[in-house]
Structure formats: structure tokens, C-alpha cells
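1. what follows is a predicted protein model with its sequence.
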2 protein chains.
Amino acid sequence: MTLTIHEAATTTGWSPRMLRYVEQLGLVEPARSKAGYRLYGPAQLQRLRTLRSLLETHGVELGDVGFALRLRREPELTAALDTWFDTTPAAPEGVPDGDWLAFEQDKHQHLLHR
Amino acid sequence: MTLTIHEAATTTGWSPRMLRYVEQLGLVEPARSKAGYRLYGPAQLQRLRTLRSLLETHGVELGDVGFALRLRREPELTAALDTWFDTTPAAPEGVPDGDWLAFEQDKHQHLLHR
DNA sequence: GCGGCCCTGACACGACCCTGTTAGGCTCGG
DNA sequence: CCGAGCCTAACAGGGTCGTGTCAGGGCCGC
């Protein structure tokens, strides 16, 4: 029930080279035989096929998916990005600039070290 | 209370060229004067500075932040990535492969069209 | 035991990203 | 009105990404 890299390549539409690259990005990691051969099971094949359609239908690059993976593995990075995006793009009215800057910096401080 | 692009550049550590590039990525979009001049207010300056530290401390590229922005603007892309990542990396035991594949595809279907 | 796979590592090469720089034209302030 | 600064558009060059291909060396099945 496991395919060699060349077999997996032909049934999923990737090239063997790309399968190794995808593995290097941490996206699909096949099991290994005792001698080090990559062994692709049904789960990996399915993942490879859905990955392919994901790229096509959303116009995404492999590197982008790699970055999304990084986001999952580094919640603090995700948090930092979230606070950055959520920072009000315009200063609230009635608040002096200095105070507002201090407020925002404080907010970031808390969120980063939570 | 608004700075011209060159002034904003010197106080934030970016180059004018980069400020235009950052704007093009949709990350920091300054107001415009009637004649089309970019006008950076305190909010934009703060955003530029925090962006800079974000890149340094997390070893992230501008393009990555751009992709994160894209994720916020395209929830369906985020959903697609989530379901892909959450696909069990190994088939559950006791379930024939065919059934499991069907189950996963069905799950994706639902999640995508929710 | 040998032909055909697989492994890792490396080079190659186009495409695109990042950043600076320049050109040509408009705008601001004194 | 004139010098300094802004605008857009374009080119340029070093860097990285995606992908193929090759070399040198193990592993597998008949």
C-alpha cells in the first residue's frame, strides 16, 4: 500500500524532484523504508493531490503554503502579525498623538510577551 | 502633523523607494494631498516602525507580510489552507482507504462552500 | 549479480523579488 | 519664477525560488 517516489509522482502529477522539494518545505513528509527510500501512503497521495488543486484554484505558490505552515508552528509570529494588522490605521479622535503612540506600544508589549 | 515621503523615510528608517513599495503591497497606505503627494500621519509612521521591528525580530520578509494580508482579505483561502493542514497526515485505523478518501473529500467540500 | 530504482548533493538557468537609480514632468514655498 | 521636492514609469543588477539534470554511490528483485 505504499508507493515509491516515482510511482507517487506519476499518480499525483508532481515530478520526483518536486516531491523532494515539497518534503523539504515540510508540507508532505513520507515515511522511509529501512534503507531510506521514501514511502508514500494513501494519506500522502491525497495530501499531494489536494495541495495541487489548492495551488491552482487560489493562485498560491508553494512558498506561500510554506509560510502558512510557519505561521501554524510559530503562534507568536501569528500574534505579532495580528496585532500589527489590527493597529488602528488612523489615530482615534480626541487623543493626543503622544498618548496614542504610548498606548499602542504598550498594547504590543503585552501581546508579544503574553 | 503630516510628513512628506522623504521626511517619513528619514524618521522611520525606510527609503522613499521602499515606502512606495510597502504601499504597493497594501501594507501602509498614506493619505494623499490634492496634488497627489503622499502624506504620512502619526498612525502610518507608527505602523512603519512596528513593521520594521516585526521583520527583524521574526526574520520575516515583506512579501510574507503581504501574503498574511492576503490571508486576511481572502477568508476562503485561509479556510482552504486550514482544512489542508488539518487533514490527518495518516489514515485513521480500521477505515478502508477508499472510504477515508471519500470522507476527506466530502469534508473539504463542506468547508469550502460553507 | 546486474539492470533499474532510490538516495543525497550540486550545478544550471529562467523567472521573479527587492532595491536603487534615472528620466521627464508637476507642485510647493519663498 | 526658480530651486527643491514630489509624482509615475522604467530599467538594472544581485538574490532567491522553482525545477531540471547530472554524478557518485547504495538497494532491490529477478
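-> Received the coordinates, thanks. Numbers count the residues shown, from 1 in each chain, chains lettered A, B, ... in the order given.

2. from here on, contacts and neighbour counts on C-alpha atoms
-> Will do.

3. in what helix or strand does the residue in chain A that DNA strand D sits nearest to lie?
-> As assessed by Cα to the nearest atom of the strand, DNA strand D sits closest to residue A:63 within chain A, at 3.8 Å. For residue A:63, the element it lies in under DSSP states H and E is helix A:62-73.

4. other residues contacting that helix?
-> Surrounding helix A:62-73, the residues in contact under the criterion Cα atoms under 8 Å, 6 or more residues apart in numbering or on different chains are A:22, A:25-27, A:55, A:77-78, B:64, B:67, B:81, B:85.

5. restricted to buried residues, select these in ChimeraX.
-> The buried residues among the contacts of helix A:62-73 can be selected in ChimeraX (16 or more other Cα atoms under 10 Å in any protein chain shown) with this line:
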select /A:22,25,27,77,78 /B:67,81,85
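
6. and the two most separated of the contacts of helix A:62-73?
-> When the contacts of helix A:62-73 are compared pair by pair using Cα to Cα, the two farthest from each other are A:55 and A:77, 23.5 Å apart.

7. who's in contact with residue A:25?
-> Shown here is residue A:25, whose contacts under the criterion Cα under 8 Å, 6+ apart are A:63, A:66.

8. buried set for the helix holding residue A:63?
-> In terms of neighbour count (16+ other Cα under 10 Å), helix A:62-73 has its buried residues at A:62, A:65-69, A:71.

9. tilt between that helix and helix B:62-73?
-> When axes from the mean of the first three to the mean of the last three Cα atoms, to 10 degrees is applied, the directions of helix A:62-73 and helix B:62-73 differ by 70 degrees.

10. helix A:62-73 and DNA strand C in contact?
-> No - on the criterion Cα under 7 Å from any atom of the strand, helix A:62-73 is out of touch with DNA strand C, staying 10.5 Å away.

11. that helix: how far from the chain's middle?
-> Average the C-alpha atoms of helix A:62-73, do the same for its chain, and the two points are 2 Å apart (Cα atoms, centre = their mean, to the nearest Å).

12. continuing past it, what's the next helix or strand?
-> helix A:75-86.

13. let me know whether that following helix sits next to chain B.
-> Yes - contact check for helix A:75-86 against chain B, using Cα under 8 Å from any Cα of the partner chain: residues in range are A:77, A:80-81, A:84-85.

14. who are the packing partners of that helix?
-> helix A:62-73, helix A:97-112, helix B:42-58, helix B:62-73 (3 or more Cα pairs under 8 Å, 6 or more residues apart in numbering or on different chains; DSSP states H and E).

15. let's have those helices in a markdown table, adding mean pLDDT and distance to residue A:33.
-> What follows is the helices and strands packed on helix A:75-86, written out as a markdown table (pLDDT from 0 to 100; distance: least, Cα to Cα, whole Å):
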| stretch | mean pLDDT | distance to residue A:33 |
| --- | --- | --- |
| helix A:62-73 | 96 | 26 |
| helix A:97-112 | 43 | 42 |
| helix B:42-58 | 96 | 36 |
| helix B:62-73 | 97 | 36 |
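
16. all good on my end, thank you.
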